[in-house]
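Enquirer: can't give you the sequence, but here's the structure:
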């Protein structure tokens with residue numbers, strides 16, 4: 001699946017992200033596995049970050065590396081891919097995961113971070 005959004009769809013997603021950003025701003029979090037020391041960046045809103053950190057503190061070290069992520073076209077595509085992953089059946093998840101990975105990388109690049 002390669003995401004192809006029309007201008008109106010993209011604008012609608014950006015507007016929803018901006019509204020959500022007012023309620024709980026977006027952050028980029030660096031996770032480090034306490035067992036393997038493997039690192040990974042995730043994009044999420046601050047409230048979800050707090051819940052994840054509280055529930056998974058025994059497995060991961062959590063560090064916010066970018067607070068208040070700007071609402072960009074790449075973030076909109078990331079959000080679309082993230083929502084698609086939650087909505088689609090298991091047999092389609094590989095292509096959706098590839099899109100999610102692609103747009104996560106682009107958001108990290110926009111925010112001068114490496115994964």
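Expert: Noted; the coordinates are in hand. Nothing here was measured: the structure is a model prediction, and the numbers come from that model.
Enquirer: can you give me the strands in this structure?
Expert: Remark: strands assigned in the chain by DSSP state E are 26-33, 39-45, 60-67.
Enquirer: turn the ones you listed into TSV, including mean pLDDT.
Expert: Formatted as TSV, those follow (pLDDT from 0 to 100):
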stretch	mean pLDDT
strand 26-33	98
strand 39-45	96
strand 60-67	97
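Enquirer: among those strands, which is nearest residue 100?
Expert: Nearest to residue 100 among the strands of the chain is strand 39-45; the distance by Cβ to Cβ comes to 9.7 Å. C-betas here are computed from N, CA, C, even on glycine.
Enquirer: how big is the angle separating that closest one from strand 60-67?
Expert: 60 degrees (axes from the mean of the first three to the mean of the last three Cα atoms, to 10 degrees).
Enquirer: pull out the buried residues from strand 39-45.
Expert: By 16 or more other Cβ atoms under 10 Å, the buried positions in strand 39-45 come out as 41, 43-45.
Enquirer: which regions of the chain lie under the pLDDT threshold?
Expert: Counting by pLDDT under 70, the low-confidence segments of the chain come to 1, 89-92, 115.
Enquirer: can you list the strands of the chain in CSV and add distance to residue 15?
Expert: Listed next are these as CSV, based on distance: least, Cβ to Cβ, whole Å:
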stretch, distance to residue 15
strand 26-33, 14
strand 39-45, 16
strand 60-67, 22
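Enquirer: residue 74: which of those strands is closest?
Expert: Of all the strands of the chain, strand 39-45 comes closest under Cβ to Cβ, at 10.1 Å.
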